[in-house]
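Visitor: My questions concern the predicted model and sequence given below.
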Amino acid sequence: MELAAGVAAALAAAGEAFGPAPAVAPEPRWGSLYVELDAGADEAFATDVELIYEGYLLHYRESRALALAADDLETRLLAGDCYYARGLRGIAARGDADAVGLLARLMAACSYLRDAGAPFAADDALWAYATAGLVAQHAGAAPASVATLFDAVEAGFHVSPPADVPAAVREAAARLTLTDPEPLLRELDAVAGR
């Protein structure tokens, strides 16, 4: 199944209990980057990443998969939790505890950045890095080395204003062992341009 169709079907299935889906099927975001960085990527894994991203969007931004009223915060939070849990469940079912750990660090960092009022570009840079970090881990990179960026970001939680996350991501991205880092660098350039 093509990634876009698989993601659209998974997002629609996860959201059935929460409300109507939009008329236009959503396009994959980080799952696409994952597949682009790893030519032999598991599209089901990429779909699980998209489910987690949709949970994040429901909590902090605008959903791609549900047409909910902006003031329906309770439904947004419950749906976000559902999407997040479905994605993590799929990854955990593969026995990939390192991926679950990295994605949990990502969500914790994004939660802090939303509370601190940081620009969404910081979240997007972390999403790009975490996606590339998953590819690097699957290729054999030590999870602790991939997670050093999150150690640095978390150390900056007590600094006001928050550290320049996109700059820290760009520096850390140079240390990831990727076959072709160009898709990640292109995404980071796009984030910097926003």
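Guide: Thanks, I have it.
Visitor: for the chain, what spans make up the strands?
Guide: Counting by DSSP state E, the chain yields no residue ranges for strands.
Visitor: Work out the gap between the worst-scoring helix or strand of it on mean pLDDT and the centre of the chain.
Guide: Lowest on mean pLDDT, DSSP states H and E among the helices and strands of the chain sits helix 148-155, with a mean of 89. On the basis of Cα atoms, centre = their mean, to the nearest Å, helix 148-155 sits 17 Å off its chain's mean C-alpha point.
Visitor: just checking, what packs against that helix?
Guide: Where contact means 3 or more Cβ pairs under 8 Å, 6 or more residues apart in numbering; DSSP states H and E, helix 148-155 is packed against helix 97-116, helix 120-138, helix 165-173. C-beta: built from backbone N, CA, C; applies to glycine.
Visitor: Y34 and V49 touch, don't they?
Guide: Yes: the pair Y34 and V49 passes the contact test of Cβ atoms under 8 Å, sitting 5.9 Å apart.
Visitor: Pull up the overlap in contacts between the two.
Guide: Shared contacts of Y34 and V49, defined by Cβ atoms under 8 Å, 6 or more residues apart in numbering, comprise 131, 134.
Visitor: Quick check: which ranges of the chain have low pLDDT?
Guide: Filtered on pLDDT under 70, the chain yields the residue ranges 1, 160-162.
Visitor: Could you rerun that using 50?
Guide: Screening the chain residue by residue with the criterion pLDDT under 50, one finds no matching range.
Visitor: tell me the contacts of A14?
Guide: When contacts are taken as Cβ under 8 Å, 6+ apart, A14 is in contact with 51, 54, 65, 82-83, 86.
Visitor: Same check on A99?
Guide: Neighbouring residues of A99 by Cβ under 8 Å, 6+ apart: 45, 91, 134, 137-138.
Visitor: switch the cut-off to 10 Å
Guide: Listed by Cβ atoms under 10 Å, 6 or more residues apart in numbering, the contact set of A99 reads 45, 48-49, 88, 91-92, 130, 133-134, 137-138, 143.
Visitor: do G133 as well
Guide: Neighbour list for G133: 98-99, 102-103, 105-106, 126, 141, 143, 145-147, 149-150, 172-173, 176, 178, 184 [criterion: Cβ under 10 Å, 6+ apart].
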